[in-house]
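1. here's my sequence, what's the structure:
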Amino acid sequence: MLANQKNVPFQKKAYKAAGHLKEKVVTLRNSLNRSQEKIKELSSQLERNEFESRLLREINTAITSTFELSEILSLILQVLTTLVNTQGVSILLVDESDNTLRIAESHGLSKKDMENFYIYYAKLNEGLFSEILESKKPQFFDGNQELSIPLLLTVPLVSRNKVIGFLNIHSMYKNMLLTEEKIALVYALASQASIAISNAQLFAAMREQAIVDQCTNLFNFRYFQQKLDEEIDTANKTGDSLSLMILDIDHFKHVNDTWGHLYGDQVLKELANLLKRNVRSEDTVCRYGGEEFAIIFPRCDAEITYKIAERIRTRIEETTSNDKRNVFKEPLTVSIGIAAYKPDMNKTALVYRADCALYWSKNNGRNRSHVYDPKLEKEYEKYIPKSPR
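-> Have a look, this model is predicted:
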């Protein structure tokens, strides 16, 4: 009995020691679990950072490998919605011709949001974006500002120290936050976007200069040749009709000699605008050379083209004779030649026929339209070299 009684305190101490050891084990295990979770979190964060960095490099390669603005804008918004979990995003670009902003690309904006933007924010010299334009710094919105469209963040797109547009985040997906990490990604993407968009705009301007006549802002002779080739190929594939009109200002030398070349250039500009207003959007109006213009009419036969030609001819005569703006110093008339494309015809032959018809008009009283007629080939040869074969 005594021996057993002596062992009791020892047993209690043993139980206490075992319990204390168990607590330590549990604490260590919990600490280890937390450490493992932390390691996993850090590992996941590193993987995510690596993924984001790789994706940014890839997008930089992608958007700098093309000069097509629409492709660049689409790529930027795709990456933005993927990396930052955005629901509503847009890219605004500055239009220097009228000092306004336009929505160049957007995702997740409602029709009402789009309408409100153009009502309240399109003017660049006033309002919200004019302030950001001046500061060239991103601006955050916490909901306290009175805005007509949802906005979380606006980042100016700056190239050569000049704001060319804005990258906007309007909303995030549910339960998603615009964290510091995501903001850093937006900034990095905006920096890449600024360079790519600026390069695309510069390329577009250079390309336009190469194909646009500087005096009339119509397509030039080089583009006319290219476009006519394309339309002939299309007509051959589809079987659709195709017509060509060549128009020449009557007595234009007299205009230049009497009123000077500056006035002559003004006449060309005014007639170019009149031509564009009197054709369809799919028709191509070009300055053919000197005082001549050429218009390509896809899916349009000679009969319909003749009616269009007569409308244009009459409109020019009436406009210059009754000019309330006092732009024209004297009435002007034009002569027009028309030719329809045939499947066995090459481009040179089509142009030749339109030229024949034009010269027939000019040598038969001027101020008239004429459609090429094979029966008049002998008469055409009086005015123009023999038909090419």
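2. please tell me how far the helix or strand harbouring residue 266 is from the chain's geometric centre.
-> Per DSSP states H and E: residue 266 is located in helix 261-277. How far helix 261-277 lies from its chain's middle: 27 Å, per CA atoms, centre = their mean, to the nearest Å.
3. mind listing what's buried along it?
-> The neighbour-count check on helix 261-277 (16 or more other CB atoms under 10 Å) flags 264, 266, 267, 268, 270, 271, 272, 275 as buried. From N, CA and C alone the C-beta is placed, and that goes for glycine too.
4. same check on stretch 242-252?
-> For stretch 242-252, the neighbour count (16+ other CB under 10 Å) marks 242, 243, 244, 245, 246, 247, 248, 249, 250, 252 as buried.
5. can you check what angle separates the helix or strand just after the helix holding residue 266 from helix 261-277?
-> Under the assignment DSSP H and E, the closest C-terminal helix or strand after helix 261-277 is strand 284-289. Angle, strand 284-289 to helix 261-277, by axes from the mean of the first three to the mean of the last three CA atoms, to 10 degrees: 160 degrees.
6. buried stuff in strand 284-289?
-> 284, 285, 286, 287, 288.
7. in the sheet, who's paired with the second one?
-> I take that to be residue 285. Note on residue 285: beta-bridge partners by DSSP bridges are residue 295.
8. so what's residue 245 closest to, chain neighbours aside?
-> With CB to CB, 6 or more residues apart in numbering as the criterion, residue 245 has its nearest non-adjacent residue at 4.5 Å, and that residue is residue 295.
9. so who does the one you found touch?
-> 244, 245, 247, 275, 279, 283, 284, 285, 286 (CB atoms under 8 Å, 6 or more residues apart in numbering).
10. let's have those residues in TSV, adding pLDDT.
-> Formatted as TSV, the contacts of residue 295 follow (pLDDT from 0 to 100):
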residue	pLDDT
244	98
245	98
247	97
275	96
279	95
283	96
284	97
285	97
286	97
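11. closest one of those to residue 178?
-> Distance ranking of the contacts of residue 295 against residue 178, using CB to CB, places residue 284 first at 47.0 Å.
12. next one: that closest one from residue 367, what distance?
-> Remark: distance between residue 284 and residue 367 (CB to CB, to the nearest Å) = 24 Å.
13. again with residue 216
-> Separation of residue 216 from residue 367 (CB to CB) stands at 21 Å.
14. so between these two, which is more surrounded?
-> Applying other CB atoms under 10 Å to residue 216 and residue 367 shows that residue 216 carries more neighbours, namely 21 against 17.
15. okay, residue 61: pLDDT?
-> On the pLDDT scale, residue 61 is placed at 73.
16. ok, now which ones touch it?
-> Residue 61 neighbours (CB under 8 Å, 6+ apart): none.
17. assign it to helix, strand or coil.
-> helix (DSSP: H, G, I helix; E, B strand; the rest coil).
18. which one is residue 309 nearest to, not counting chain neighbours?
-> Counting by CB to CB, 6+ apart, residue 369 is the residue found nearest to residue 309 once chain neighbours are left out, at 4.0 Å.
19. now swap in residue 137 and tell me
-> Nearest to residue 137 is residue 156, by CB to CB, 6+ apart, at 7.2 Å.
20. can you get me a residue count around the one you found?
-> Around residue 156 there are 23 residues (other CB under 10 Å).
21. got it, and residue 226?
-> Neighbours of residue 226 under the rule other CB under 10 Å: 12.
22. that one - that's part of a helix, no?
-> Yes: under three-state DSSP, residue 226 falls within a helix.
23. residue 297 versus that one, what's the distance?
-> Taking CB to CB, one finds residue 226 at 17 Å from residue 297.
24. do the same with residue 88
-> Distance from residue 88 to residue 297, by CB to CB: 43 Å.
25. swap in residue 190?
-> From residue 190 to residue 297 the distance is 45 Å (CB to CB).
26. these two - which one has more neighbours?
-> Set side by side, residue 190 and residue 297 show more neighbours around residue 297, with 25 against 21, by other CB under 10 Å.
27. the more buried one belongs to a strand?
-> Yes: according to three-state DSSP, the state of residue 297 is that of a strand.
28. how about the contacts made by it?
-> So residue 297 contacts 242, 243, 244, 245, 279, 280, 283, 304, 305, 308 (CB under 8 Å, 6+ apart).
29. mind doing that once more with 7 Å?
-> Neighbour list for residue 297: 242, 243, 245, 283, 305 [criterion: CB atoms under 7 Å, 6 or more residues apart in numbering].
30. quick check, pLDDT for it.
-> Residue 297 is given a pLDDT of 98.
31. could you dump the buried residues of helix 261-277 to a markdown table with distance to residue 322?
-> Shown next, in a markdown table, are the buried residues of helix 261-277 (distance: CB to CB, whole Å):
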| residue | distance to residue 322 |
| --- | --- |
| 264 | 21 |
| 266 | 18 |
| 267 | 16 |
| 268 | 20 |
| 270 | 14 |
| 271 | 16 |
| 272 | 20 |
| 275 | 18 |
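32. what's the local residue count around the spatially closest residue to residue 355 that is not a sequence neighbour?
-> Spatial nearest neighbour of residue 355, excluding adjacent residues (CB to CB, 6+ apart): residue 384 at 5.9 Å. As a burial measure, residue 384 scores 15 neighbours (other CB under 10 Å).
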